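1. got a sequence here, can you model it:
(one chain, ligands or ions: 2)
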Amino acid sequence: MRKRKAVLRRAVVRCAKHVYLFDEVRLAERAAGSWEGVRALLGGKGANLAEMARLKLPVPAGFVVTTEACNAFLAAGGRFPPGMWEQVLDAVARTERATGKKLGDPADPLLVSCRSGAKFSMPGMMDTVLNIGMNDAVAAGLVRLTGDERFVYDAYRRLVQMYGRVVLGVPDEPFEQVLAKHRKLHGVANDADLPAEDLRSITGEFKRVVAEHAQRPFPEEPIEQLRLATMAVFKSWNGKRAFDYRKAAGIPHDLGTAVNIVAMVFGNLGQDSGTGVATTRDVTTGANEMEGDFLINAQGEDVVAGTRTSLRIQELKRLMPRINRELRAIARALERHYREVQDIEFTIERGKLWMLQTRDAKRTAQAAIRIAVELARGKLITRAEAVKRVSPDHVDYFLHPQFDPAARRKAKDEGALIATGLNVSPGAAIGRIALDADTAERWALEEKQRVILVRPETKPDDVHGMLAAQGVVTSRGGRTSHAALVARQFGKPAVVGAMSLEIDLDARRLRTASGRVLKEGDWLSIDGTTGEVFAGEMKTVVPDVADAHLLELLRWADGIRTLGVWANADYPRDAERARRFGAEGIGLCRTEHMFFETERLPTVQAMILAQDERERAGHLARLLPMQRADFTGLFKAMAGLPVTIRLIDPPLHEFLPSHDDLQKAVVELETRIRLGDGDPATLGKELQAKRRVLDAVEALREQNPMLGLRGVRLGIHMPELVRMQVRAIFEAACGCAKSGVKVKPKIMIPLAATSSELRVERDLLEEEARAVMKEQGVRVPYQFGTMIEVPRAAIVADRIAEYAEFFSFGTNDLTQTTFGISRDDAETGFLSEYLRKGILLRNPFATLDQSGVGYLMELGVRLGRERRKGLEVGICGEHGGDPASIAFCHRIGLDYVSCSPFRVPVARLAAAHAALGEVRDLR
Ligand code: PEP
Ligand code: MG
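-> Numbering: from 1, shown residues only. Ligands and ions are numbered 1, 2, ... in the order given. Sure, this is the predicted structure:
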């Protein structure tokens, strides 16, 4: 004690402030400049504890050591920055004054917790030590004070165990062995049922475990315990668990963690004590009802670890009505203050409620949308804020597979439903059972298998396996267990607490309540929405976007965005779906997809192989009504909205059988004829037919077909083909117009590089269009435009715009031709190595390369509009559905993005985010 005072007297007042008491939040604000700054300096937990103290909520006394101190400590190779420790000692003294207790004083001892707390929540990824301040003398004093030996030695043994694990790196097993031995001795299942004498001797045994494994004794001096625990928490910022989690969650590595040192309050002091966690609304469904779990006579870790089955928070009303009222009032106040749903931790110590934490609650996609909408309806936030709070991934959830109801019924009838647990993270997932995180990761990454991670419970060390898995099942744990929290955050379907599943990690198998045995590697289907676990592989379906809250939020987004959202759709059924999802037009119909249909392909092939123009014309005449029907369907589905139809694009050999297959067939037939194997006349005929196709394929063969006879070049080379397509479009359009359906066809010519290509093609096609309208006696509004898919087209966009009434960036090809990387080979080849090595930061085929491809787009838009005022410009490459790329398209002034129907709702939200300036950083 005398030594501490001497250190305090030497405290250097002039050095940086590293420690803030909870009632010093104003000073922190002044130092950090903003609330965001306070969160960065004190960590989320520390900042919110200080804020709760400012709101006069019941927070135990304590203080925060800053993230800056952590960074300085790590940079100095594990030395506290100058003055920090003296400030900690000063803060301890003030905490002692506030509580009237003293650290290490057997007469009335103060115990403290030492918890990590970074700017962003990283649940369970860093370390915490509770009950600091215990030693033999303090324990004896506390027994005298409380008369509760059980409680005292339970707290003491927890300190020794946590200290051993966190500070000295002693593994869990030897501690668990000691506990198991005592449980067996008394024939009890829970540690909570062990008698006081056992807990006292367990404490001694734990100390021996520590001394044996760490080669140093457990320190009896409380201040030394605090010093070493603080160092350990700082160090845990760079632990593997924390590092992996940050990588997966996109949290920067240079933020550091704060350390919260808080006077302990105890939930395990009898039946009038307890502890719990809750969210101010239901974070699974979003319903406006408090959700959570609590335990009577327990410490916080018991709830989170899920080792004791907790009570639903609704039970609190019956068991502790006064506390229940107080807690609900605090929850409402916190929600109003933060304008956001909160995730709170509380402890009741002998009938007094203490708040230990509040933070913005993590939630499922479904809940995120409902909560944002309802907070806006309740005027707690604006509609724009509600739109901002929902991420594209949240919307995407609604477009993900769920189990097919019929398949689910069938599976149930057949007895495949093997267990039910808590539905903690929605969605359907299918995979092979993997019984540990490493196996799950290996099977998923190396063997490209889908896996479901199945564990008794998960720990932070299991996160890599959870990330690699399609979904997670645990046999223990509750809604707030580690498995549930992590799965929800990463959108992994999860079922926890499936208690009837007996997991045998040694025999690598599961046994169900009915005695059925499933081996590791067997298929499992899990439903995180209902909590059901099925044996086998079940069929999935994609849900419709009919959620009322989602629809409302998307309507708000539509009111904010300026960018149009169109869809890429080839068939009427896609177009109908796209419209239901909110598409305002079709930005790309790839007409060649219609040619690939089984019943059409023979006619297409015959057309390509035709000996002369007359024969070709005959085949084209057969294709015409098919195409006309396709387009009629599209026009009807879009009912007057723009429909952009792209003329045939791929090289013709793509419609013919593969060269290698044909060559093999020819050699086989020749051999059979030589060996007399079969009727020579039939074989001869077959050989002749195959040779004819092979000759045609060889004639059309190119070294670089992607850079060959495709797009506008093909149209110029084989004008009768595109003329047929234009005839089909206009016959369909005129037919629709006559029957009262509004039409707005936009004919799009692909892959043009020069204005002369466009001039030639457009003259030819417009002549056909006029001819059809004349024949039909109707005029329909139409436009001819082009895709910008090669750099030259962007560079001479002003000249191109002379003949094009609209542009659409085909960024799949534009990325390919700008980078000179084959889009078909890239992702399986060196591109993945580039991404791994950081040579490219992101896949340019997924997210627009703004500085290269984007530069060309910007140039194209400017030049095009210089030549043709108000030129309509869109994008129809895959990037049209990528939120970061959508933000870029908004910035360079495109009129619309066009993406797959399933991405339309995501694009509507992303376009609103772009308009609100909510653009993700793309350094
Ligand atoms: C493109 O190149 O971006 C495009 C939309 O066309 P396709 O993918 O059909 O080549
Ligand atoms: Mg293309």
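
2. low-scoring pLDDT stretches of the stretch 301-450 of the chain, where are they?
-> Low-confidence segments of the stretch 301-450 of the chain, defined by pLDDT under 70, are located at 301-308, 400.

3. I figured residue 814 was touching residue 853, is that so?
-> Yes - if you go by C-beta atoms under 8 Å, residue 814 and residue 853 touch, sitting 5.6 Å apart. For every residue, glycine as well, the C-beta is placed using N, CA and C.

4. of these two, who's got more company?
-> Each of residue 814 and residue 853 has its neighbours counted (other C-beta atoms under 10 Å); residue 814 has more, 28 against 25.

5. distance check, that one against ligand 1.
-> Distance, residue 814 to ligand 1, using C-beta to the nearest ligand atom, to the nearest Å: 7 Å.

6. next helix or strand past the helix or strand of the chain with the lowest mean pLDDT?
-> Lowest by mean pLDDT, DSSP states H and E among the helices and strands of the chain is helix 2-9, with a mean of 52. Beyond helix 2-9 on the C-terminal side, the first helix or strand identified by DSSP states H and E is strand 19-21.

7. quick one: list the elements packing against that following strand.
-> If you count contacts as 3 or more C-beta pairs under 8 Å, 6 or more residues apart in numbering; DSSP states H and E, strand 19-21 packs onto helix 35-54, strand 62-65, helix 84-99.

8. all strands for the stretch 501-650 of the chain, in order.
-> For the stretch 501-650 of the chain, strands defined by DSSP state E, counting those that start in this stretch occupy the ranges 502-504, 509-511, 517-519, 523-527, 532-535, 540-541, 564-568, 586-590, 643-646.

9. which one of those lies closest to residue 598?
-> strand 586-590 (17.3 Å; C-beta to C-beta).

10. tell me the strands beside that closest one, with direction?
-> Strand 586-590 has the following strand partners under DSSP bridges: strand 564-568 (parallel), strand 643-646 (parallel).

11. out of the helices and strands packed on strand 19-21, which gets nearest to ligand 2?
-> Smallest distance to ligand 2 across these (C-beta to the ion): 43.1 Å, for helix 35-54.

12. any low-confidence regions in the protein?
-> Across the chain, the ranges flagged by pLDDT under 70 are 1-14, 301-308, 400, 479-480, 485, 488-491, 542-545, 827-828, 918-923.

13. ok so, going back, okay, the strands of the stretch 501-650 of the chain in a markdown table with mean neighbour count next?
-> As requested, the strands of the stretch 501-650 of the chain are exported to a markdown table (neighbours: other C-beta atoms under 10 Å):
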| stretch | mean neighbour count |
| --- | --- |
| strand 502-504 | 16 |
| strand 509-511 | 20 |
| strand 517-519 | 14 |
| strand 523-527 | 25 |
| strand 532-535 | 24 |
| strand 540-541 | 16 |
| strand 564-568 | 27 |
| strand 586-590 | 26 |
| strand 643-646 | 26 |
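
14. okay if I get these as JSON lines plus distance to ligand 2?
-> Putting those into JSON lines (distance: least, C-beta to the ion, whole Å) gives the following:
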{"stretch": "strand 502-504", "distance to ligand 2": "50"}
{"stretch": "strand 509-511", "distance to ligand 2": "49"}
{"stretch": "strand 517-519", "distance to ligand 2": "47"}
{"stretch": "strand 523-527", "distance to ligand 2": "38"}
{"stretch": "strand 532-535", "distance to ligand 2": "42"}
{"stretch": "strand 540-541", "distance to ligand 2": "31"}
{"stretch": "strand 564-568", "distance to ligand 2": "11"}
{"stretch": "strand 586-590", "distance to ligand 2": "9"}
{"stretch": "strand 643-646", "distance to ligand 2": "8"}
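
15. same list (those strands) but as a markdown table, adding distance to ligand 1.
-> A markdown table is the format used below for those (distance: least, C-beta to the nearest ligand atom, whole Å):
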| stretch | distance to ligand 1 |
| --- | --- |
| strand 502-504 | 47 |
| strand 509-511 | 45 |
| strand 517-519 | 43 |
| strand 523-527 | 34 |
| strand 532-535 | 38 |
| strand 540-541 | 27 |
| strand 564-568 | 7 |
| strand 586-590 | 5 |
| strand 643-646 | 7 |
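
16. packing partners for the helix or strand hosting residue 243?
-> If you go by DSSP H and E, residue 243 is part of helix 240-249. Under the contact criterion of 3+ C-beta pairs under 8 Å, 6+ apart, helix 240-249 touches helix 463-468.

17. any idea how far the helix or strand just after the helix it packs on is from the chain center?
-> Counting by DSSP H and E, the element after helix 463-468 in chain order, helix or strand, is strand 471-474. Mean C-alpha position of strand 471-474 versus that of the full chain (C-alpha atoms, centre = their mean, to the nearest Å) differs by 17 Å.

18. partner strands of strand 471-474 and their direction?
-> Applying DSSP bridges, strand 471-474 is found paired with strand 451-455 (parallel), strand 494-496 (parallel).

19. which one of these lies nearest to ligand 1?
-> strand 451-455 (32.3 Å; C-beta to the nearest ligand atom).

20. what's the closest one in contact with?
-> Counting by C-beta atoms under 8 Å, 6 or more residues apart in numbering, strand 451-455 makes contact with 429-437, 439-440, 443-444, 462, 465-466, 468-475, 483, 501, 503, 510, 524, 526, all of which sit outside it.

21. stretch 746-761 now?
-> Contacts of stretch 746-761 (C-beta under 8 Å, 6+ apart): 588, 642-647, 649, 710-713, 715-716, 722, 726, 729, 762, 765, 769, 782-787, 789-790, 792-793, 796, 799-800, 802-804, 806, 808, 810, 813.

22. quick one: buried ones out of these?
-> Buried residues within the contacts of stretch 746-761, counting neighbours by 16 or more other C-beta atoms under 10 Å: 588, 642-647, 649, 710-713, 715, 722, 726, 729, 762, 765, 769, 782, 784-787, 789-790, 793, 796, 799-800, 803-804, 806, 808, 810, 813.

23. strands - which of those residues land there?
-> 588, 643, 644, 645, 646, 784, 785, 786, 787, 806, 808 (DSSP state E).
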